[in-house]
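A.B. asks: coords below, sequence missing:
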């Protein structure tokens, strides 16, 4: 036993040091960091990203070592409240509503908070924590998310921390599921299955999902599971799994047209019908006559009212406001509607032009469509990039991994009380991302990476 330990240390001592230091950095990130401390935040993050890169470089074929490391990194956050996001307060609020028989799509927190005898545990703390913006809107989280919120509130026993721990368990198990199915999918695609660790050990994934309780990982788990089933010729089983992914986050709806060539007309029609029926079944418990209008009203806000960490939109905004006297609040509404139409049109074009019969090409088309949306969007929260990272491991693109590093610059906005963004930092972020994307397309000479070549 002793000799085995000595041998392991000699072979892996640098990697062990990287893991230990990473754990210490994650501890500092979770327990001793205010999001207003921008310099400390980016320093810790840069260090974690460096160790992440070196661990995969040194240990990429050592599944057990990397698996244990990823689990340990996540467990660091197990007993701490998120410090970079306040969304979890709304998650728990919605879960408490469902637990007490109230539909979160029918009542805003502002509607309920003043009522006598409100049964929600810690109602005042949750209301204050979610912020004014969330409190005045109906819930925009799809049904599977709501089910997770309800289970977390129920199993959490009315405690905020208890609910956080349960949500964290869902997210950690989802990441483990992504690792499992992505490795199997990579094998079916004849690609190196160690690529799955570029997702599993990515600091953005660990911090924003396990740390800050965002559910992109749960959505991605069901999507990757569905894609694995498709790669195994089990399309009928894949459809309801894909529907669950949509019902965690709506983003996978964007990819549905891309399956037309992959399955052919008849199979794709069956696939779409099964997905549609599954989504209806999941929505039914929450349905009411005003549900559709409330939900669509809330969803539309994300296309036309918010601005954060935008790329191309910031350029359009600067030109519009400085040279054409455009009003920012009018510009973002018109721009958001135009982007939604443009992305849908280009996705439909890719559905018929690209050779999506090949699953690798299909996943690359998904990556292109979603990247285009995020490049054009007026709102790109850091955790959005996680979906791109998850898709990229099945393709030859690596720019989402670069973006998962550069996106930390967007957190400058939280270092000041009025959340003002630093456009120079955002410019650096997008120059790095676009620069690496251009390098991948042109610099490496990979002609097959052009949008419509494959």
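C.D. replies: Okay, I see it. As the structure is a computational prediction, the values presented were derived from the model and not from experiment.

A.B. asks: now do the contacts for residue 401.
C.D. replies: 198, 202, 389, 392 (CB atoms under 8 Å, 6 or more residues apart in numbering). In this view, the C-beta of every residue, glycine as well, is placed from N, C-alpha and C.

A.B. asks: mind redoing it with 6 Å?
C.D. replies: Residue 401 sits next to residue 198 when contact means CB atoms under 6 Å, 6 or more residues apart in numbering.

A.B. asks: what helix or strand is it on?
C.D. replies: helix 399-406 (DSSP states H and E).

A.B. asks: again with residue 204
C.D. replies: Applying DSSP H and E, one finds residue 204 within helix 203-205.

A.B. asks: tell me which strands and helices that helix is in contact with?
C.D. replies: Helices and strands touching helix 203-205, as assessed by 3 or more CB pairs under 6 Å, 6 or more residues apart in numbering; DSSP states H and E, comprise helix 38-59.

A.B. asks: break the protein into its domains for me.
C.D. replies: Segmentation of the chain into domains, based on automatic domain parsing, reads 1-76, 85-299, 306-454.

A.B. asks: would you turn those into a markdown table with mean pLDDT?
C.D. replies: As requested, these are exported to a markdown table (pLDDT from 0 to 100):
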| stretch | mean pLDDT |
| --- | --- |
| domain 1-76 | 91 |
| domain 85-299 | 93 |
| domain 306-454 | 88 |
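
A.B. asks: ok, then the element right after the helix holding residue 204?
C.D. replies: Tracing the chain C-terminally past helix 203-205 and defining elements by DSSP H and E, one meets helix 216-231 next.

A.B. asks: so which elements touch that following helix?
C.D. replies: helix 160-188, helix 235-246, helix 385-392.

A.B. asks: would JSON lines of those helices with distance to residue 265 and mean neighbour count be doable?
C.D. replies: JSON lines is the format used below for the helices and strands packed on helix 216-231 (distance: least, CB to CB, whole Å; neighbours: other CB atoms under 10 Å):
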{"stretch": "helix 160-188", "distance to residue 265": "24", "mean neighbour count": "20"}
{"stretch": "helix 235-246", "distance to residue 265": "14", "mean neighbour count": "21"}
{"stretch": "helix 385-392", "distance to residue 265": "25", "mean neighbour count": "24"}
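
A.B. asks: got the ones you listed as TSV, with distance to residue 362 columns?
C.D. replies: Formatted as TSV, these follow (distance: least, CB to CB, whole Å):
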stretch	distance to residue 362
helix 160-188	12
helix 235-246	13
helix 385-392	11
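
A.B. asks: the stretch 351-454 of the chain: helices as residue ranges?
C.D. replies: 359-376, 385-392, 399-406, 423-438 (DSSP state H, counting those that start in this stretch).

A.B. asks: again, but for the stretch 1-150 of the chain
C.D. replies: 2-31, 38-59, 63-75, 87-99, 109-112, 123-135, 143-155.

A.B. asks: of the helices and strands packed on helix 216-231, which is nearest residue 138?
C.D. replies: Among the helices and strands packed on helix 216-231, helix 235-246 comes nearest to residue 138, with 19.0 Å by CB to CB.

A.B. asks: what is the next helix-or-strand element following that closest one packed up against?
C.D. replies: Scanning forward in sequence from helix 235-246 by DSSP H and E, the next helix or strand is helix 259-263. Helices and strands touching helix 259-263, as assessed by 3+ CB pairs under 6 Å, 6+ apart, comprise helix 265-283.

A.B. asks: show me what the helix it packs on packs onto, helices and strands only.
C.D. replies: Partner elements for helix 265-283 (3+ CB pairs under 6 Å, 6+ apart): helix 235-246, helix 259-263.

A.B. asks: outside of that helix, which residues touch it?
C.D. replies: By CB under 6 Å, 6+ apart, helix 265-283 touches 143, 235, 239-240, 242-243, 247, 259-260, 263.

A.B. asks: ok, back up a step: and the helix holding residue 401, how far from the chain's centre?
C.D. replies: Relative to its chain's centre, helix 399-406 lies at 13 Å (CA atoms, centre = their mean, to the nearest Å).

A.B. asks: secondary structure element for the nearest residue to residue 331 once chain neighbours are set aside?
C.D. replies: In this structure, residue 331 finds its nearest non-sequential neighbour in residue 320, 5.2 Å apart by CB to CB, 6 or more residues apart in numbering. Assessed by DSSP H and E, residue 320 sits inside helix 312-323.

A.B. asks: could you give the separation of that helix from the chain centroid?
C.D. replies: With CA atoms, centre = their mean, you get 27 Å for helix 312-323.

A.B. asks: quick one, it and helix 359-376 angle?
C.D. replies: 30 degrees (axes from the mean of the first three to the mean of the last three CA atoms, to 10 degrees).
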